[in-house]
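**Student:** Predicted coordinates and the sequence they were generated for:
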Amino acid sequence: SIQGIMEVNISEEEHQNNLKQRFEQYILHVLKLKSTRQVGDLEKLSDRLVANGVLERGVYQIDNIDDYRNTLEKIRESEEYITYKSERKEKSQNSGLACDQGMSNYSKFLEYLAAKEETVPRIKGAENVLLYGVPGVGKSHEIQTKYCDDPERMERVVFHPDYTYSDFVGQILPKVENDKLKYEFTAGPFTTLLAKAWNNPGKEYYLVIEEINRGNAPAIFGEIFQLLDRKTEDSHRYDPSEYGESEYPITNSDIATAVFGDPEEKIRIPSNMWILATMNTADQNVFTLDTAFQRRWKLHHMKNDVMSAGHSKTKIEGSEIEWGTFASVINEMVTDYSLEMMSSEDKRLGAYFVKKNELSEEEFPEKVLKYLWDDAFKMKKDAVFDDKFKSLETVIEAYELSEPDKLKAVLRLEVYQKMLSKLKNNTKDEES
């Protein structure tokens, strides 16, 4: 904050650089302009006016909006400013516009900081929440309906084996500006959302990490891992207004400059910034989350209630069997055979493993039957499929060509009959 800057014993040069950096971040992240040329042009004019005695101090040493308005009046009335404008116009008709934009936007910047100083209470209580369950159980849907569906207050990323710390937090990248090559820190989704949450204390923000265990999460988080420890009322050491912010800060000059405009500022996740992650427990051959990492999350197991899905009563095209009945019977079998097949009960079908339009005779075999053949019942295919089938290709071909009931043509008879019986019982229960 401005008050914080003034209370710290720093030099005028450091104070000037601090405001200049924060002004640049304001232009990029608040005004959402692509170029910060106006920052440098305003500084050149300011230095010239100080050198010629028009101003007593540079523009970026002024942090009070009233003082700046008085300074702005002096600038515009000075002969030096008029001369400067004339010299710029001689070079190009539009030259000098960036400086004028800088003068105007610096005023808006100081007003913006002053408004922040009126202290909107920061929302507290944000957490790190890890939602886990079988594929298609509705983890992403839970995030959208229970937490947030406003894209302006969210950053969504998907972890994968090639995803890195630089992708997540940010990296130094080359940038050409005014025909000159320079290197700047480009914020990743974590830093981008951190800045939004910090600058807007009255709103909640959500960093959503899909498939967190498909990437090397500890390596991707790096030192950010330390920030996952949050202040809570359980410790009895913190003021209630701090509940939800990081317990232990870290030092990172790139993030600090991008968020605060001050490379020395300590980094914490604010109490209004949630981190939500999803994980498919059926995934194998992916990265595991160690205990130290998991204990920093509030774990939430997603119940797999297939009969509650909106399309559970929809018939699979080409069959009398409804999706909810099919999935329920298959899931019971996965659980029963899990030890024998040396597999996990989380090979079960999630309630939303397929959408309603994917119950078509073209898509259902390619998505569901293929999953059962290649994955869920890989070690015991004849538990589900008629033992006359020796390849997935023959299963799909038989499904596509068979009439009147396609599922009856490819499943073991007792499996199909179990589905039919369950369907009739469900219908009786609904009628009664």
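**Tutor:** Thanks, I have the structure now.
**Student:** List the residue ranges of the stretch 151-300 of the chain that fall below the pLDDT cut-off.
**Tutor:** Counting by pLDDT under 70, the low-confidence segments of the stretch 151-300 of the chain come to 235, 283-286.
**Student:** can you give me the helices in it?
**Tutor:** For the stretch 151-300 of the chain, the helices defined by DSSP state H, counting those that start in this stretch occupy 165-169, 189-199, 217-221, 253-260, 291-294.
**Student:** Let's have these in TSV, adding distance to Val329.
**Tutor:** To be clear about C-beta, it is placed using only N, CA and C from the backbone, and glycine gets the same treatment. Compiled in TSV, the helices of the stretch 151-300 of the chain are given as follows (distance: least, C-beta to C-beta, whole Å):
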stretch	distance to Val329
helix 165-169	41
helix 189-199	41
helix 217-221	35
helix 253-260	51
helix 291-294	33
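**Student:** what comes up buried for the longest helix along the chain?
**Tutor:** With DSSP state H setting the assignment, residue counts place helix 97-117 as the longest helix in the chain. Neighbour counts over helix 97-117 (16 or more other C-beta atoms under 10 Å) mark Ala98, Cys99, Asp100, Gln101, Gly102, Met103, Asn105, Tyr106, Phe109, Leu110, Tyr112, Leu113 as buried.
**Student:** ok, of those residues, which one's closest to Asp150?
**Tutor:** Among the buried residues of helix 97-117, Tyr112 lies closest to Asp150 (C-beta to C-beta), at 21.9 Å.
**Student:** I figured Val30 was touching Ala195, is that so?
**Tutor:** No. Val30 is beyond contact range of Ala195, at 9.5 Å (criterion: C-beta atoms under 8 Å).
**Student:** Give me the more crowded residue out of those two.
**Tutor:** Ala195 (20 against 15; other C-beta atoms under 10 Å).
**Student:** Hmm, the more buried one is touching Leu28, no?
**Tutor:** No. Contact between Ala195 and Leu28 fails when scored by C-beta under 8 Å: they sit 9.6 Å apart.
**Student:** Need the nearest residue in space to Leu45, chain neighbours excluded.
**Tutor:** Of all residues beyond its chain neighbours, the one nearest Leu45 is Cys99 (5.4 Å), with distances taken as C-beta to C-beta, 6 or more residues apart in numbering.
**Student:** Which stretches in this protein count as strands?
**Tutor:** Using DSSP state E, the strands found in the chain span residues 128-133, 154-158, 170-177, 180-187, 205-210, 273-280, 298-301.
**Student:** Note down every partner strand of the shortest one and its orientation.
**Tutor:** Based on DSSP bridges, the pairing partners of strand 298-301 within the sheet are strand 128-133 (parallel).
**Student:** what do you get for the second one?
**Tutor:** For strand 154-158, the paired strands and their directions (DSSP bridges) read strand 205-210 (parallel).
**Student:** tell me the pLDDT at the residue lying farthest from the centre of the chain?
**Tutor:** Most distant residue from the mean C-alpha position of the chain: Glu79, 51.3 Å away (C-alpha atoms, centre = their mean). pLDDT recorded at Glu79 is 89.
**Student:** what's the answer for the one 5 residues further on, then?
**Tutor:** pLDDT, the model's per-residue confidence, is 85 for Tyr84.
**Student:** any idea how far the nearest residue to it once chain neighbours are set aside lies from Arg412?
**Tutor:** Excluding the flanking residues, the one nearest Tyr84 by C-beta to C-beta, 6+ apart is Leu45, at 5.9 Å. Note on Leu45: its distance to Arg412, by C-beta to C-beta, to the nearest Å, is 83 Å.
**Student:** Comparing these two, which residue is more hemmed in?
**Tutor:** Leu45 (25 against 14).
**Student:** got a list of what the more buried one touches?
**Tutor:** With contact taken as C-beta atoms under 8 Å, 6 or more residues apart in numbering, Leu45 is in contact with Ile75, Tyr81, Tyr84, Cys99.
**Student:** Thought Asp47 was touching the third one, still the case?
**Tutor:** No. Proximity of Tyr84 to Asp47 does not meet the contact threshold set by C-beta under 8 Å, at 11.2 Å.
**Student:** okay, the two: which has more neighbours?
**Tutor:** Using other C-beta under 10 Å, the more surrounded residue of Tyr84 and Asp47 is Tyr84, with 18 against 14.
**Student:** Let's see which of the contacts of Leu45 end up in helices.
**Tutor:** Here DSSP H is the test, and these give Ile75, Tyr81, Tyr84, Cys99 as lying in helices.
**Student:** Run through who's touching the longest helix of the chain.
**Tutor:** Contact with helix 97-117 is made by 1-3, 22-23, 26-27, 30-31, 37-39, 41-42, 44-45, 59, 62-65, 68-69, 72, 75, 84, 88, 199, as judged by C-beta under 8 Å, 6+ apart.
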